[in-house]
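[1] Here is my input; please provide its structure:
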Amino acid sequence: MQHIELLNAQNVSIQYETASLGQRMGAYFVDMIIMGASMLVLMVIFMVAFQDMISQESSATIASSIIGFYSLFNEYFFNGTSPGKRAFGLKV
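    Numbers count the residues shown, from 1 in each chain. Okay, the predicted model is just below:
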């Protein structure tokens with residue numbers, strides 16, 4: 001693993017280990033699985049709830065726009081950590 005060393009304003013050296021490519025990809029795939037499952041559930045909910053008023057394409061558009069806020073939601077409420085990053089122990 002690669003280490004990064006930072007020097008802060010008080011001239012104190014801070015070292016930490018960077019995440020490997022495998023850890024980053026694993027976290028990404030966990031997040032993609034969560035987003036895909038969420039989108040599928042939201043599409044089914046929209047199609048059942050608004051059966052007569054909404055088409056399948058419209059429900060997919062609405063669900064994907066809600067899922068689009070997944071990263072923003074995690075950045076704001078969980079200090080940038082997503083479930084995938086937490087599962088692989090990655091720090092932001």
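[2] Tell me where the protein has helices.
    With DSSP state H as the criterion, the chain has helices at 21-49, 56-67, 70-77, 83-87.
[3] Show me which residues of stretch 83-90 are buried.
    Burial within stretch 83-90, assessed by neighbour count using 16 or more other CB atoms under 10 Å, is assigned to 84, 85, 88, 90. (C-beta placed from N, C-alpha, C; glycine too.)
[4] Give me the residues contacting the lowest-mean-pLDDT helix or strand in the chain.
    Least confident helix or strand of the chain, by mean pLDDT, DSSP states H and E, is helix 56-67 with a mean of 77. Helix 56-67 is contacted by residues 35, 38, 39, 42, 43, 46, 47, 50, 54 when judged by CB atoms under 8 Å, 6 or more residues apart in numbering.
[5] Near residue 74, how many residues? Count them for me, please.
    19 (other CB atoms under 10 Å).
[6] tell me the contacts of it?
    80, 81, 82, 83.
[7] make it 6 Å
    residue 82 (CB atoms under 6 Å, 6 or more residues apart in numbering).
[8] what stretches of the protein score poorly on pLDDT?
    Residues of the chain that meet the criterion pLDDT under 70 lie in 1, 52, 54, 56.
[9] Let's see that with 90 instead.
    1-20, 35-36, 38-76, 78-81, 89-92 (pLDDT under 90).
[10] Skipping adjacent residues, who's closest to residue 24 in space?
    Spatial nearest neighbour of residue 24, chain neighbours left out: residue 90 (7.2 Å); criterion: CB to CB, 6 or more residues apart in numbering.
[11] Is it correct that the one you found is in contact with residue 19?
    Yes. The pair residue 90 / residue 19 is scored as a contact, 5.0 Å apart, by CB atoms under 6 Å.
[12] Just the CA trace of the least confident helix or strand of the chain, in PDB.
    Provided in PDB are the C-alpha atoms of helix 56-67 (Å, rounded to 0.1, in the frame of the first residue of the first chain):
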ATOM      1  CA  GLN A  56     -43.100   2.600 -17.100                       C
ATOM      2  CA  GLU A  57     -40.700   5.100 -18.700                       C
ATOM      3  CA  SER A  58     -42.000   7.900 -16.400                       C
ATOM      4  CA  SER A  59     -41.600   5.800 -13.300                       C
ATOM      5  CA  ALA A  60     -38.000   4.900 -14.400                       C
ATOM      6  CA  THR A  61     -37.300   8.600 -14.900                       C
ATOM      7  CA  ILE A  62     -38.700   9.600 -11.500                       C
ATOM      8  CA  ALA A  63     -36.800   6.700  -9.700                       C
ATOM      9  CA  SER A  64     -33.500   7.500 -11.400                       C
ATOM     10  CA  SER A  65     -33.800  11.200 -10.500                       C
ATOM     11  CA  ILE A  66     -34.300  10.200  -6.900                       C
ATOM     12  CA  ILE A  67     -31.400   7.800  -7.000                       C
END
